[in-house]
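# What follows is a predicted structure for the sequence shown.
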Amino acid sequence: MGSFLKVGLLAGIAAMALAVPSRLQAQESPYIITFDHYLKEPGSLEIAYFSTFGTQRAGHDFHAGWLELEYGVKAWWTTELYLDGQTTFHDSTVFTGFRWENRFRLLQREHFINPVLYIEYEQISEADKIIKEVEGHDIEADHAVPNAEARQGHNHELELKLLLSKNFKGWNVAVNPLATKPLLPSAPWEFGYAAGVSRPLALKASAQKCNFCRENLSAGAEMYGGLGDTISPGLHETSHYLAAVAAWNLPSGWTFRVSPGFGLNDNSHRWLMRWGVAREFPGFGEALGKLFRGRQ
């Protein structure tokens, strides 16, 4: 593991150890790429670290990681900051940039389909390899460029998604069409998608709090890929992936996720292995407000 990823992981673990009261929270979905329609509770903070190991033809395998800071601003608004980095084996370790994401729930009550508007600004180098989404004509060969060369290119992009999600008899089905626009007038819009289906292993909660109850475990699958751009729309020279997803939600607020996936065509990485750990702190905003009011 490279120095950036070690520092990021240690920083995340240290932050997770903050003495913020923990209360029972809602079940976290097992998705890593796809989003459902649920937002963070107002005042709730989640700190997470995710990792992607990818195989690379015509280049070296890599390990990319990102640190997430997610905060519930309002019942209808969640904001999140991502810090990205990667280690390419037999090459180097680099910090690749940041992303600022905002999700806005468009309808406050549950409906047949629950839409959420996703808006993200990203400032990342072309060495970024976390593959948090696939868009346009993103293909495996893009990640074979040596870090010293790839990090010279910088992307400033605005990404829009419509998060469509529905729960039915314990199952969640989510579809996320996306459109990305590099902030250059001549650059085309790029398109992609993600879709997932998941379910807890048990719908009825146990009478007593436990770590290994079936309702704390959820599993499913997600699929994602690119759909070309305004110049060349469609599936030509695009990559697509299918991955299993699983999550273990502990009553203490910790969530562990794992997702083995594989490419569906010759333009895709053959294998992507993802995992993540997250800790939620309900009432963080309230505790922080009391702290500052106490110092006045």
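Received the coordinates, thanks. Numbering: from 1, shown residues only.
# which strand residues sit across from the nearest residue to residue 198 once chain neighbours are set aside in the sheet?
Distance criterion CB to CB, 6 or more residues apart in numbering; nearest residue to residue 198, sequence neighbours excluded, is residue 220 at 2.8 Å. The way it works is simple: take the backbone N, C-alpha and C, and place the C-beta from them, glycine included. Under DSSP bridges, the beta-bridge partners of residue 220 are residue 198, residue 245.
# same thing with residue 88?
Those that pair with residue 88 in a beta bridge, by DSSP bridges, are residue 62.
# just for this structure, where's the confidence low?
Applying pLDDT under 70 to the chain flags residues 1-26, 294-296.
# Helices of this structure, start to end?
For the chain, helices defined by DSSP state H occupy the ranges 3-16, 147-150, 284-295.
# which secondary structure elements does the shortest one contact?
Contacting helix 147-150 under the criterion 3 or more CB pairs under 8 Å, 6 or more residues apart in numbering; DSSP states H and E is no other helix or strand.
# Also the last one?
Contacts of helix 284-295 with other secondary structure elements, assessed using 3+ CB pairs under 8 Å, 6+ apart, are made with strand 62-74.
# repeat that with 10 Å
strand 45-54, strand 62-74 (3 or more CB pairs under 10 Å, 6 or more residues apart in numbering; DSSP states H and E).
# Packing partners of the last one?
In terms of contacts (3+ CB pairs under 10 Å, 6+ apart), strand 62-74 is packed against helix 3-16, strand 45-54, strand 77-88, strand 93-105, strand 271-281, helix 284-295.
# Relative to residue 198, which of those is closest?
strand 271-281 (14.8 Å; CB to CB).
# Tell me how many other residues surround residue 180.
24 (other CB atoms under 10 Å).
# Okay, it and residue 205: tell me how far apart.
40 Å (CB to CB, to the nearest Å).
# ditto for residue 67
31 Å.
# When those two are compared, which one has more neighbours?
residue 67 (22 against 14).
# What's opposite the more buried one in the beta bridge?
Assigned bridge partners for residue 67, using DSSP bridges, are residue 49, residue 83.
# Let me know whether it touches residue 48 as I believe.
Yes. Counting by CB atoms under 10 Å, residue 67 touches residue 48, with 7.4 Å between them.
# how close does the residue nearest to residue 198 get to residue 234?
Distance from residue 220 to residue 234, by CB to CB: 28 Å.
# So for the two, which sits in the more crowded spot?
Remark: of residue 220 and residue 234, residue 220 carries more neighbours, 23 against 11, as counted by other CB under 10 Å.
# For the stretch 151-296 of the chain, which segments count as strands?
Ranges of strands in the stretch 151-296 of the chain, per DSSP state E, counting those that start in this stretch, are 154-168, 171-182, 190-200, 217-229, 240-249, 254-263, 271-281.
# Nearest to residue 28, out of these?
Once these are compared by CB to CB, strand 254-263 is nearest, at 4.5 Å.
# Check which residues of that closest one are buried.
254-255, 257-259, 261, 263 (16 or more other CB atoms under 10 Å).
# and these as a markdown table, adding distance to residue 135?
Converted to a markdown table, the buried residues of strand 254-263 look like this (distance: CB to CB, whole Å):
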| residue | distance to residue 135 |
| --- | --- |
| 254 | 31 |
| 255 | 27 |
| 257 | 22 |
| 258 | 24 |
| 259 | 19 |
| 261 | 17 |
| 263 | 16 |
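# of those, closest to residue 226?
Closest to residue 226, out of all of the buried residues of strand 254-263 and judged by CB to CB, is residue 263, at 12.0 Å.
# Pipe the strands of the stretch 151-296 of the chain into CSV and attach distance to residue 102 per row.
Listed next are the strands of the stretch 151-296 of the chain as CSV, based on distance: least, CB to CB, whole Å:
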stretch, distance to residue 102
strand 154-168, 11
strand 171-182, 14
strand 190-200, 18
strand 217-229, 21
strand 240-249, 23
strand 254-263, 22
strand 271-281, 19
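# right, and these - which one's nearest residue 55?
strand 271-281 (4.6 Å).
# Alpha carbons of the closest one, as CSV, please.
The C-alpha trace of strand 271-281 is given here as CSV (Å, rounded to 0.1, in the frame of the first residue of the first chain):
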residue,chain,number,x,y,z
TRP,A,271,-11.1,-7.6,-12.5
LEU,A,272,-12.0,-4.9,-10.0
MET,A,273,-12.0,-5.7,-6.3
ARG,A,274,-13.5,-3.1,-4.0
TRP,A,275,-14.0,-2.8,-0.3
GLY,A,276,-14.9,-0.1,2.1
VAL,A,277,-15.3,0.7,5.8
ALA,A,278,-17.5,3.5,7.1
ARG,A,279,-18.5,4.9,10.5
GLU,A,280,-21.5,7.1,11.1
PHE,A,281,-21.8,9.7,13.9
